[in-house]
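J.: The sequence and its predicted three-dimensional model are supplied below.
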Amino acid sequence: MTIMNMQKKTLYAAAVLMMIQLAAQAQSINVSYAAGGGQRDVFYNGSAVPNGNQVRVGFFTSGFDVAANSANLNALNGAWHPFDATSITPVFGQPGHFSGSASSFDPAFEFQKICLWIFKTQNNADPTANFDNVLGYGIFSSSTNNWIFPQGSAVPPNNTTTIASDDVNQTYFGLVNGSHLSLAPVPEPATYAFLALAAVPVVAARRVFKKRTTLK
């Protein structure tokens, strides 16, 4: 009798815990993300990115021009809103893959465009705060509807989305083909300077054109 009572209490506790978890999930934003077996893996410099390198999931501030700032790590970081992160790890023995899932109650994520920000570092670990160990990175997204953070208060399963590397059809930094998400090297300081100088004549020309148009 005592054993049966203990079993009943254990089952009851498990049922209560499951109900709590389901209730919490029903009010949260839930995202699963992966580069699973048979899907596009992550490459850098012609090889699969080693284990331990970081994959970030989140979004950039609305109105922030990701493409124009794609070579500026500090600007990107300042506009980044992190949702979750995981590490590159083999899937079914295949290198260069990843898988993760997370939930959030923060409504700031709702209806924002999901991006993957993937790194290759010198020590195959997380990027440092100032990115001084980063060798390369890539920023990827998709135009498909599942790459939008769902509404947390939506009726399940509408508060859940799943994204995969095979969905990617937009790149802000890096390259994508049928087999890989390829990271690009961190731009050299000289490249930043060149881009900045190249932008000056364009801005000046636009101002002159605008002034002449106004005078007419």
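T.: Nice, I can see it. Residues are numbered from 1 along each chain as shown.

J.: could you give the mean pLDDT of the top strand by length along the chain?
T.: Counting by DSSP state E, the longest strand found in the chain is strand 94-104. Averaged over strand 94-104, pLDDT sits at 98.

J.: ditto for stretch 113-129
T.: 98.

J.: How about stretch 72-81?
T.: The pLDDT scores in stretch 72-81 average 98.

J.: And the contacts of it?
T.: Stretch 72-81 is contacted from outside by 56, 58-61, 64, 66, 69-70, 108-109, 112, 117, 131, 134, 137, 139, 186, 192, using CB atoms under 8 Å, 6 or more residues apart in numbering. C-beta: built from backbone N, CA, C; applies to glycine.

J.: Can you list the buried residues in the helix or strand containing Ala34?
T.: If you go by DSSP states H and E, Ala34 is part of strand 29-35. Within strand 29-35, the residues scored as buried using 16 or more other CB atoms under 10 Å are 29-31, 33-35.

J.: same question, stretch 90-106
T.: Neighbour-count burial for stretch 90-106 flags 91, 95-98, 102-104 (criterion: 16+ other CB under 10 Å).

J.: Surely Pro127 and Trp117 touch.
T.: No. Pro127 is not in contact with Trp117 according to CB atoms under 8 Å; the separation is 9.5 Å.

J.: where does this structure dip in pLDDT?
T.: Along the chain, segments meeting pLDDT under 70 span 1-26, 189-216.

J.: ok, back up a step: tell me the one among the buried residues of stretch 90-106 nearest to Asn159.
T.: Ser103 (9.2 Å; CB to CB).

J.: Show me the helices in this structure, by range?
T.: With DSSP state H as the criterion, the chain has helices at 2-26, 73-78, 189-215.

J.: Kindly report the domain assignment for the protein.
T.: Domain ranges of the chain: 2-185, 191-216, per automatic domain parsing.

J.: what's the most buried one of those domains?
T.: Among the domains of the chain, ranked by average contacts under mean count of other CB atoms under 10 Å, first place goes to domain 2-185 (a mean of 16).

J.: For the longest strand of the chain, name the packing helices and strands.
T.: Strand 94-104 sits against strand 29-35, strand 41-44, strand 47-48, strand 54-60, strand 80-87, strand 89-91, with contacts defined as 3 or more CB pairs under 8 Å, 6 or more residues apart in numbering; DSSP states H and E.

J.: Excluding covalently adjacent residues, which one is nearest to Asp126?
T.: Gln54 (4.8 Å; CB to CB, 6 or more residues apart in numbering).

J.: got a list of what the spatially most central residue of the chain touches?
T.: In the chain, the residue lying closest to the centroid (CA atoms, centre = their mean) is Leu116, at 2.2 Å. By CB under 8 Å, 6+ apart, Leu116 lies in contact with 33, 55-57, 138-141, 163, 165, 168, 181.
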